[in-house]
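**Student:** coords please:
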Amino acid sequence: MTVLIAYGTTGGGTGEIAEWVAEELRADGLTVRLTPAAEVTDVAGYDALILGSALYGYGWHLDVRRFVHRFAGRFTDRPVWLFSSGPLDGSADAGLLPPVPHAYTALRELPAREHVTFGGRMTTEAHGWLGQVARQMAHQGHAGDFRNPERVRAWARGVAAEIRTPSRETDRP
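**Tutor:** So this is what the prediction gives:
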């Protein structure tokens, strides 16, 4: 089983979440290709997809939105999972957060089995426009690392188990 994990990130935090997911799937014996969403040119040959995006102003990263547009309908026969990374507080760990509109689009267009939101990371060490935003948010008490590696890894182990378990449709002769 070969799984594509594609992601969109600006500050690197969502990319690290994607790495944690990849580590868990590899530990379960799955073959994983981990790559930025913008670099994916073909999805043939993958048995499953995990697509992750950083949240910016309650929207998905542009590269991930473009991925969804490029590959809409191409995963109807393969399982897909989605994740968002971004709340800069404990809300992602406090309960299920509804998907943002871009994630709803991906749920429908790919289509996906599930969407989950993880906490995000915003540090004042960021560069460029993100660094400016981070410094402003730090002054408001919203900077920091709100990701929960244990929660991410537990979710990834659940996804790996689902990938390994044949669906009823594939069990039919």
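**Student:** and V3, helix, strand or coil?
**Tutor:** Under DSSP: H, G, I helix; E, B strand; the rest coil, V3 falls in the strand class.
**Student:** pLDDT value on it, please?
**Tutor:** Note for V3: predicted pLDDT of 98.
**Student:** contact partners for it?
**Tutor:** Counting by Cβ atoms under 8 Å, 6 or more residues apart in numbering, V3 touches 25, 30-33, 46-50, 163. C-beta coordinates here come from the backbone N, C-alpha and C atoms, glycine included.
**Student:** what subset of those residues is buried?
**Tutor:** 25, 30, 32, 46, 48-50, 163 (16 or more other Cβ atoms under 10 Å).
**Student:** which of these sits closest to S91?
**Tutor:** I50 (22.0 Å; Cβ to Cβ).
**Student:** so where is the protein shaky, pLDDT-wise?
**Tutor:** 123-135, 137-139, 141-142, 167-173 (pLDDT under 70).
**Student:** strands of that one, start to end?
**Tutor:** 2-8, 31-36, 48-56, 59-60, 80-85, 114-118, 121-122, 144-145 (DSSP state E).
**Student:** any idea how far D63 is from A160?
**Tutor:** 25 Å (Cβ to Cβ, to the nearest Å).
**Student:** how about L51?
**Tutor:** For L51, the distance to D63 - Cβ to Cβ - is 11 Å.
**Student:** and for L88?
**Tutor:** From L88 to D63 the distance is 21 Å (Cβ to Cβ).
**Student:** ok, what's across the strand from the most centrally placed residue in the chain?
**Tutor:** By Cα atoms, centre = their mean, the chain has its centre lying nearest to G52, at 1.8 Å. Listed by DSSP bridges, the beta-bridge partners for G52 are Y7, F83.
**Student:** I'd say it and W60 touch.
**Tutor:** No. Contact criterion Cβ atoms under 8 Å: G52 and W60 do not qualify, at 9.5 Å.
**Student:** shared neighbours, these two?
**Tutor:** By Cβ under 8 Å, 6+ apart, the residues touching both G52 and W60 are 8, 84.
**Student:** show me where the chain has helices.
**Tutor:** 13-27, 62-71, 91-94, 101-109, 128-139, 149-164, 168-171 (DSSP state H).
**Student:** show residues contacting the fourth one.
**Tutor:** Residues from elsewhere that reach helix 101-109, judged by Cβ under 8 Å, 6+ apart: 51, 53, 58-60, 64-65, 68-69, 72-73, 82, 84, 99, 112, 115.
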